[in-house]
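> dropping a prediction and its sequence here:
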Amino acid sequence: MADWIQVIVQTLITVVVLFVLTRLMGKRQIIQLSLFEYITGITIGNLAAHMSLEMKEGYLGFISLLVWVAVILFIHFLQLKSKTARDWLDGKDTVLIKEGKVLEDNLKKERITIDELMSQLRKKNVFKLSDVEFAVMEPNGIIDVMLKKECLPLTPKMLGLKVAEEREPEIVIMDGSILDEALFRLGRNRRWLKEQLEKQGVQLENVFVGQVDSSGELYLDVYDDKLQLAKPQEKPALLATLKKCEADLEMFALSTEREDVKAMYGECAAKLEKVIDRLKPYLTT
């Protein structure tokens with residue numbers, strides 16, 4: 001076999017083996033590297049390059065690679081079973097700011113300058129040290145930040161407001177094609193989708209992507225970026241109709257002279273008001 005053919009074959013085999021072994025080691029190897037995993041990644045890369053070019057003893061590279069993977073899997077097993085092993089291999093988290101006070105000794109321990117700390121805080125949209133209550137460096141080098149209560153953004157829970165529950169949006173149109181499986185998960189069909197497209201005055205083939213949110217509204221992005229689409233008005237219209245019905249009931253109660261009828265209209269208006277209060281979070285989002 002010619003050398004160039006052997007290199008091609010060994011390279012393709014190496015790619016397949018690396019892919020299988022990486023899947024075997026799990027996603028953690030990709031998204032969260034500890035010190036040991038960083039060293040392992042470099043070593044496996046060197047072994048793979050050697051395996052691709054070695055003509056006579058390429059199989060020895062495969063054996064070495066398998067040994068490395070076996071060691072990695074064993075260490076991962078230890079980390080799952082023992083906190084001591086996790087602390088020794090991955091390291092412990094380090095508190096950098098506590099109760100609003102920067103811990104200079106811990107910065108020196110992790111060899112982090114104040115400029116680097118501020119850079120990491122800015123990545124978390126924090127620009128003032130005085131806003132930080134607590135900051136910790138995780139074993140993977142990421143700095144997590146907890147703001148002081150007065151600096152936290154307002155949430156509906158803080159205001160005592162109820163909001164509609166959100167579920168995962170579904171993409172139902174991609175590159176002008178309907179994704180029937182996504183429609184099925186939403187309990188919708190093509191007829192409903194085509195009606196929504198007609199309301200917004202858009203042809204299916206002109207849609208780059210279409211997504212349905214948890215409230216059932218369809219968002220469209222078309223190929224023509226200059227085209228302005230009509231916004232869905234079903235929820236605002238429904239809320240306005242319910243409020244009009246409530247006002248009509250109150251007006252009927254005021255316009256009648258019969259006490260029993262007045263009480264009936266008033267009771268219905270009160271019940272409808274409660275229904276509107278419960279539905280408002282769903283109709284205003």
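Structure's in. What do you need? Just so it is clear, the model here is predicted, and its values are computed rather than measured.

> domain parsing of the protein, as residue ranges.
According to automatic domain parsing, the chain comprises the domains 3-88, 94-151, 170-232, 235-283.

> distance to Met158 and mean neighbour count added to the ones you listed, as TSV?
C-beta: built from backbone N, CA, C; applies to glycine. As requested, the domains of the chain are exported to TSV (distance: least, C-beta to C-beta, whole Å; neighbours: other C-beta atoms under 10 Å):
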stretch	distance to Met158	mean neighbour count
domain 3-88	32	14
domain 94-151	10	14
domain 170-232	22	14
domain 235-283	15	14
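
> wait, which of those domains is closest to Lys162?
domain 235-283 (5.3 Å; C-beta to C-beta).

> list the contacts for Leu183?
Glu170, Val172, Asn189, Arg190, Trp192, Leu193 (C-beta atoms under 8 Å, 6 or more residues apart in numbering).

> in what helix or strand does Leu80 lie?
According to DSSP states H and E, Leu80 maps onto helix 58-81.

> what's the closest non-adjacent residue to Glu205?
Using C-beta to C-beta, 6 or more residues apart in numbering and skipping the chain neighbours, the partner closest in space to Glu205 is Gly176 (4.6 Å).

> any idea which helix or strand of this protein has the worst average confidence?
helix 28-31 (a mean of 44; mean pLDDT, DSSP states H and E).

> can you pull the pLDDT of Glu54?
Turning to Glu54, the model gives it a pLDDT of 61.

> same deal with Asp3?
You'll see Asp3 listed with a pLDDT of 62.

> on that earlier part again, as TSV, the domains of the chain with distance to Lys157 would be great.
TSV is the format used below for the domains of the chain (distance: least, C-beta to C-beta, whole Å):
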stretch	distance to Lys157
domain 3-88	30
domain 94-151	13
domain 170-232	18
domain 235-283	12
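
> least confident of the ones you listed, on average?
domain 3-88 (a mean of 64).

> helix, strand or coil for Asp144?
strand (DSSP: H, G, I helix; E, B strand; the rest coil).

> ok, it - contacts?
Asp144 touches Ala135, Val136, Glu138, counting by C-beta under 8 Å, 6+ apart.

> tell me which of those is nearest to Thr256?
For the contacts of Asp144, the nearest to Thr256 is Ala135 (65.8 Å; C-beta to C-beta).

> rebuild the contacts of Asp144 as a markdown table, extending it with distance to Asp115 and secondary structure.
Converted to a markdown table, the contacts of Asp144 look like this (distance: C-beta to C-beta, whole Å; DSSP: H, G, I helix; E, B strand; the rest coil):
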| residue | distance to Asp115 | secondary structure |
| --- | --- | --- |
| Ala135 | 15 | strand |
| Val136 | 19 | strand |
| Glu138 | 20 | coil |
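
> and which of these is nearest to Tyr219?
For the contacts of Asp144, the nearest to Tyr219 is Glu138 (35.2 Å; C-beta to C-beta).

> pretty sure that closest one contacts Asp93?
Yes - using C-beta atoms under 8 Å, Glu138 is in contact with Asp93, at 5.3 Å.

> returning to that earlier point: wait, the residue nearest to Glu205 touches Val202, no?
No - checked against C-beta under 8 Å, the pair Gly176 and Val202 is beyond contact range at 10.7 Å.

> contacts for stretch 258-271?
Residues outside stretch 258-271 that contact it (C-beta under 8 Å, 6+ apart) are Glu246, Leu249, Glu250, Phe252, Ala253, Leu254, Thr256.

> output the contacting helices and strands for the helix or strand containing the second one.
If you go by DSSP H and E, Leu249 is part of helix 234-255. Secondary-structure packing of helix 234-255 (3 or more C-beta pairs under 8 Å, 6 or more residues apart in numbering; DSSP states H and E): helix 259-283.

> give the contact list for the closest residue to Met118 other than its chain neighbours.
Excluding the flanking residues, the one nearest Met118 by C-beta to C-beta, 6+ apart is Leu129, at 7.7 Å. Contact analysis of Leu129 by C-beta under 8 Å, 6+ apart lists Ile97, Gly100, Val102, Met118, Leu121.

> once you drop chain neighbours, what's closest to the last one?
Read that as Leu121. Per C-beta to C-beta, 6+ apart, closest to Leu121 is Val145, 6.3 Å.

> mind listing what the one you found touches?
By C-beta under 8 Å, 6+ apart, the contact set of Val145 is Ile97, Leu121, Lys124, Val126, Val132, Phe134, Ala135.
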